[in-house]
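Novice: Sequence first, predicted coordinates after that:
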Amino acid sequence: MAGTAQVSARDTEGASGRCRPAPTVQGVTEGRSLPGTVAPSVGTVRAILLLVHASDVPPDESVAGPQAQFDAASAWLRAVSYGRLDLRAETLPRWLSLPLTSREYLADGAQLLRDAVAAADPFVDFSRYDIVYLAPASKTPETATSAILNSFGARADGREVRFWVPFDAGFAAPDNDLPSLLLHETGHLLGLPDLYRVGVPGSFHRWDLMTGPGRWPMELLAWHRWKLGWLGGRQVVCIVGRRTSVATISPLERPGGVKAVFVKADDDRVIAVEVRARLGYDATLCETGVLAYQVDQTPFRRSPVRIYAAQSDERPPRGGCGGTWNAPFDRARGEVRTLRFPGFRLDVLARLRDGSYRVRVSTER
């Protein structure tokens, strides 16, 4: 066993680069997304919602759009990005008539985008926007929601309309103020993959928004914040090879401090350790403490994040806890303090008064 090192923010700044997401591929991945193949995740991102109705569907009466939902989504992104991402979304206040039927557009999403952009072009300067959302009229019989990172040749105002989401009917209702679906699909545009897998109940948890938009509110894992550029080098402890390190990790929901320990297991896999508390959008978590999980950066991997559960999910304290709700490690009576498997050991050493935790991570690789 190597000697134990106490890790400070200064120590982590230079070494953290070895735990940067890899490999580099296009679009959605747990690894690094090629620049230009995903929407910007830092700075101001502008989005426009287009209200569209197919030839066989009448438009709705309201052209107001779901502004409350946009405002809630913007507030969430500012909070979880620690102020690094500002989403500014607005609605074009008019219904755009499209030439084909709703069934034809359901079968040909590329044509839906091209026709919607063409109909909006006289009223919208697309050079000002990074993301386009499409909202079909509420009486549209069949629709499908999916984040799409492909322009299918749609261009306007000298810009390729590459990052867009067609939503289900009724999305634009002014009383639609729940932003989870909007944020989940926007997460895909930023390069984040789905974490859930049909038939695997534990994958539908509340540790990350990408497990699905059904439960709300929730935040994002530290790895996803690292991937998107929302954590700095001094906020991450990177462990490569055989080493024992002691670090103090502050709650992920609170700005500042060291946020995660990442252990580079091999070229594609990283073991992550972070602290989750009942703060911010995690205020209704059923359990808190030190969360540990493995990230598989292999491109197109299904269920790429595996949560290491400290205890089983028996007898949840209330409904809506989600899968692996009892996963965190802690120091209190009845809690599990140690995670151990070949080549890796995590020990929870102390919980500090400010809610931070001191942990020891040992590797033997």
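Specialist: Great, that's in hand.
Novice: C-alpha from now on. contacts and neighbour counts both.
Specialist: Noted.
Novice: contacting residues for Tyr133?
Specialist: 47-50, 164-167 (C-alpha atoms under 8 Å, 6 or more residues apart in numbering).
Novice: if you set the cut-off to 10 Å instead, what comes out?
Specialist: By C-alpha atoms under 10 Å, 6 or more residues apart in numbering, Tyr133 lies in contact with 47-51, 89-91, 113, 147, 163-167, 182, 186.
Novice: For Ala332, see how far away Asp125 is.
Specialist: 57 Å (C-alpha to C-alpha, to the nearest Å).
Novice: For the stretch 101-250 of the chain, which segments count as strands?
Specialist: Counting by DSSP state E, counting those that start in this stretch, the stretch 101-250 of the chain has strands at residues 131-136, 148-149, 155-156, 159-160, 163-166, 236-240, 243-249.
Novice: So for the first one, mean pLDDT?
Specialist: Here strand 131-136 scores 98 as its mean pLDDT.
Novice: ditto for the longest one
Specialist: Strand 243-249 comes out with an average pLDDT of 97.
Novice: Run the angle between it and strand 236-240 for me.
Specialist: 170 degrees (axes from the mean of the first three to the mean of the last three C-alpha atoms, to 10 degrees).
Novice: re the thing from before, which among the strands of the stretch 101-250 of the chain is found nearest to Met218?
Specialist: strand 243-249 (19.7 Å; C-alpha to C-alpha).
Novice: Got phi/psi on the residue nearest to Thr44 when sequence neighbours are not counted?
Specialist: Using C-alpha to C-alpha, 6 or more residues apart in numbering and skipping the chain neighbours, the partner closest in space to Thr44 is Asp86 (4.7 Å). Asp86 has phi and psi values of phi -120, psi 100 when expressed as degrees, to the nearest 10.
Novice: Per-residue confidence, Asp86, what does it come out as?
Specialist: 98.
Novice: Deepest in the core, which of the strands of the stretch 101-250 of the chain is it.
Specialist: strand 236-240 (a mean of 25; mean count of other C-alpha atoms under 10 Å).
Novice: Of all the strands of the stretch 101-250 of the chain, which one is nearest Arg315?
Specialist: strand 243-249 (28.7 Å).
Novice: And the helices in the stretch 51-200 of the chain?
Specialist: Along the stretch 51-200 of the chain, counting by DSSP state H, counting those that start in this stretch, helices occupy 67-80, 102-107, 109-120, 180-190.
Novice: Any idea which of these gets closest to Thr24?
Specialist: Here helix 180-190 is closest among the helices of the stretch 51-200 of the chain (C-alpha to C-alpha), at 14.3 Å.
Novice: Alpha carbons only: can I get that closest one in PDB?
Specialist: The C-alpha trace of helix 180-190 is given here as PDB (Å, rounded to 0.1, in the frame of the first residue of the first chain):
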ATOM      1  CA  SER A 180     -37.800  18.300 -16.100                       C
ATOM      2  CA  LEU A 181     -38.600  17.100 -19.700                       C
ATOM      3  CA  LEU A 182     -37.200  20.300 -21.200                       C
ATOM      4  CA  LEU A 183     -34.000  20.000 -19.100                       C
ATOM      5  CA  HIS A 184     -33.600  16.200 -19.800                       C
ATOM      6  CA  GLU A 185     -33.700  16.700 -23.600                       C
ATOM      7  CA  THR A 186     -31.500  19.800 -23.400                       C
ATOM      8  CA  GLY A 187     -29.100  17.700 -21.400                       C
ATOM      9  CA  HIS A 188     -28.800  15.400 -24.500                       C
ATOM     10  CA  LEU A 189     -28.100  18.500 -26.700                       C
ATOM     11  CA  LEU A 190     -25.200  19.300 -24.300                       C
END
